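Engineer: below is the sequence, then the predicted model.
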Amino acid sequence: MSVTVSTSQEQQARALHILETVFGYSSFRGQQDEIVHHVIGGGDALVLMPTGGGKSLCYQIPALVRDGVGVVVSPLIALMQDQVDALAEVGVRAAFLNSTQTFDEAMQIERRVRSGDLDVLYVAPERLMTPRCLDLLEAAHISVFAIDEAHCVAQWGHDFRPEYIKLSVLHERFPHVPRIALTATADQQTREEIIHRLQLEDARQFVSSFDRPNIRYQIVEKANGRKQLLDFIESEHQDDAGVVYCLSRKKVDETAEFLRQHGINALAYHAGMDYAKRTANQARFLREEKIVMVATIAFGMGIDKPDVRFVAHLDLPKSIEGYYQETGRGGRDGLPANAWMAYGLQDVVQQRRMIAESDADDTFKRVLGIKLDAMLGLCETLHCRRMHLLAYFGQQGQPCGNCDICLTPPVSFDGTVLAQKLLSTVYRVEQRFAPGHVLDVLRGIDSDKVKQWRHEQLSVFGIGSDHGEAEWRAVLRQVIALGLLTVDHENYSALKLTEAARPVLRGEHKIQLRQYQKPVKPKRTSSKSNYVETDLSGAEQAIFEKLRWWRMETARKHNVPAYVIFHDATMREIAKARPASLDDLRGVTGVGEKKLDTYGAEIIALIQEFSQ
């Protein structure tokens, strides 16, 4: 049962004043208003809001309205400096405590916490749980606890962090301090686990739509994944920032090198790299433009870079939650972004093998298998991908018109006979062989292995010779996704029939399959035509480009990412408004009082110089 609280008119007015003068926004978005006032009034909250939806304001403003320091629990040590820098740019007194600091630096921050000289303190969960840190917080006045990336508490989840489970201590030791847990991705099971482990049973739940309408989802048949990725980048994102996810460290290094050899400014990121190099690459990605980061899933959580124009996957993600979180790092500024993935049969086999060979217990493996099945369902769906994604998170949707299925509807057909041929072949080879051998028998390929097992004598030998290997692999993927076959990794990745295969083999159940389409090279388009500020006139576009150059130089001087100075959306509005005075600039979205004082005169001078 959730508890509803109320705020005074004075607190509400102060929250809006801070939103306008500190952060430069004239009004709250979506559920922000309700969340902020609930927490200001002392209520606990669980907030599910998509990446780029404005989660940080939901705890930053309560921290500034309520007395004391707001404590943000975050697993993102590598990004804390950027988060603190961003708050400093708008005049908020912020700091962090983590393992990167010297003893003297940490002591200085602790003194500021005790003296009430901070508005917001970021702390890693490992540091928070130390007796020293807990004693420090008890000696201070805490306004609010924000538990960011709260899905890390879920043991079944894709980003589990064991130390998050211990965060229930906050409720026990600070019962009168409101807590707000935030995440961009959590299905019903994960939500229940967050509530249970963080003791948020009385918290009010705020669930925003998971829809990211500016993201275009596209999943293509994998032929030569690396070459397909290069074609995709060259045709649609030649000068854009992007992220490419690979499953292994080796593949990350090889893919980054491949892209560099073809003129793409690509960097690598994975846990096997030297820490200094890895951190330097992340800093470059955040601070510079037109960089492609090739990474394992170790990279990305909490990345605030707003102008990532594409997120690509060269390997199948383990779950829809992971896929949604990773693709959500694109288009945080609300402008168009692409979520592109190359996917093939080997991805299915590889993921099944990883589950089978993991050290997890049988229950956990079963959960992983269910999550992988859901991911396969998204890949092989005949219907709108966005609707499929939203349905997974328990939300309704309409065909989006902005995914590959909607834009180029697949041709479906009665695939029962093809499925029966495939299933019969698996049965006739006694469910003991991997996909490659099964397809050889099906297509009538007289290989050494086929001869060795005398499978050329089977009645099913060659019954699928009228279709090519790529077509049969597409059928096999869909049949696995439909749950008619499974891959047994305890028996050399052998294909096995499931109970669901019986009615199909008997002709009692018909199935629809997607017609195979040979992969085609995408036509080269101008990246500028896709992502330029199309609502700007020629003169306004020139001002915007001049502002981008100014922002890059300013960010370099301040040693912060460019988006910390201003987002593209703010500079676009400045270009349209062409402010002639500080008062004119004050009304622009994203320009608070501190930024007006710091940068206002430079921007006005730049606009005037352009006009002259």
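Structural biologist: Received, thanks. Numbering: from 1, shown residues only.
Engineer: stretch 255-273: how far from the chain's middle?
Structural biologist: The chain centroid and the centroid of stretch 255-273 are separated by 20 Å under C-alpha atoms, centre = their mean, to the nearest Å.
Engineer: now do it, average pLDDT.
Structural biologist: For stretch 255-273, mean pLDDT rounds to 96.
Engineer: buried sites along that stretch?
Structural biologist: Neighbour counts over stretch 255-273 (16 or more other C-beta atoms under 10 Å) mark 255-256, 258-259, 264, 266-270, 273 as buried. For every residue, glycine as well, the C-beta is placed using N, CA and C.
Engineer: try stretch 549-566
Structural biologist: 550-551, 554-555, 560-566.
Engineer: picking up where we left off before, put together CSV for the buried residues of stretch 255-273, with distance to residue 608 and secondary structure on each row.
Structural biologist: Shown next, in CSV, are those (distance: C-beta to C-beta, whole Å; DSSP: H, G, I helix; E, B strand; the rest coil):
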residue, distance to residue 608, secondary structure
255, 47, helix
256, 44, helix
258, 47, helix
259, 42, helix
264, 38, coil
266, 40, strand
267, 38, strand
268, 44, strand
269, 42, strand
270, 48, coil
273, 47, coil
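Engineer: between the residues you listed, which sits nearest residue 401?
Structural biologist: residue 264 (30.0 Å; C-beta to C-beta).
Engineer: report the contact partners of the closest one.
Structural biologist: Residues near residue 264 by C-beta atoms under 8 Å, 6 or more residues apart in numbering: 230, 233, 292.
Engineer: where in the chain is pLDDT low?
Structural biologist: Across the chain, the ranges flagged by pLDDT under 70 are 1-7, 156-158, 301-302, 523-534.
Engineer: what about the closest residue to residue 410 other than its chain neighbours, how many residues nearby?
Structural biologist: Among residues not flanking residue 410 along the chain, residue 514 sits closest, at 4.5 Å (C-beta to C-beta, 6 or more residues apart in numbering). Counted by other C-beta atoms under 10 Å, the residues lying close to residue 514 total 18.
Engineer: hmm, residue 514 is touching residue 478, no?
Structural biologist: Yes. Contact criterion C-beta atoms under 8 Å: residue 514 and residue 478 qualify, at 6.5 Å.
Engineer: who touches both of those two?
Structural biologist: Both residue 514 and residue 478 are contacted by residue 380, under the criterion C-beta under 8 Å, 6+ apart.
Engineer: circling back to that earlier point, including distance to residue 173, could the buried residues of stretch 549-566 go into CSV?
Structural biologist: Formatted as CSV, the buried residues of stretch 549-566 follow (distance: C-beta to C-beta, whole Å):
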residue, distance to residue 173
550, 48
551, 43
554, 43
555, 40
560, 35
561, 35
562, 40
563, 36
564, 34
565, 39
566, 40
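Engineer: strands - which of those residues land there?
Structural biologist: Nothing among the buried residues of stretch 549-566 maps onto strands, per DSSP state E.
Engineer: hang on, the earlier thing: can you pull the contacts of the residue nearest to residue 410?
Structural biologist: Residue 514 neighbours (C-beta under 8 Å, 6+ apart): 380, 382, 410-412, 474, 478.
Engineer: let's see it at 6 Å
Structural biologist: With contact taken as C-beta atoms under 6 Å, 6 or more residues apart in numbering, residue 514 is in contact with 382, 410, 412.
Engineer: buried residues in the host helix or strand of residue 243?
Structural biologist: Residue 243 is part of strand 241-245, with elements assigned from DSSP states H and E. With burial defined by 16+ other C-beta under 10 Å, the residues of strand 241-245 counted as buried are 241-245.
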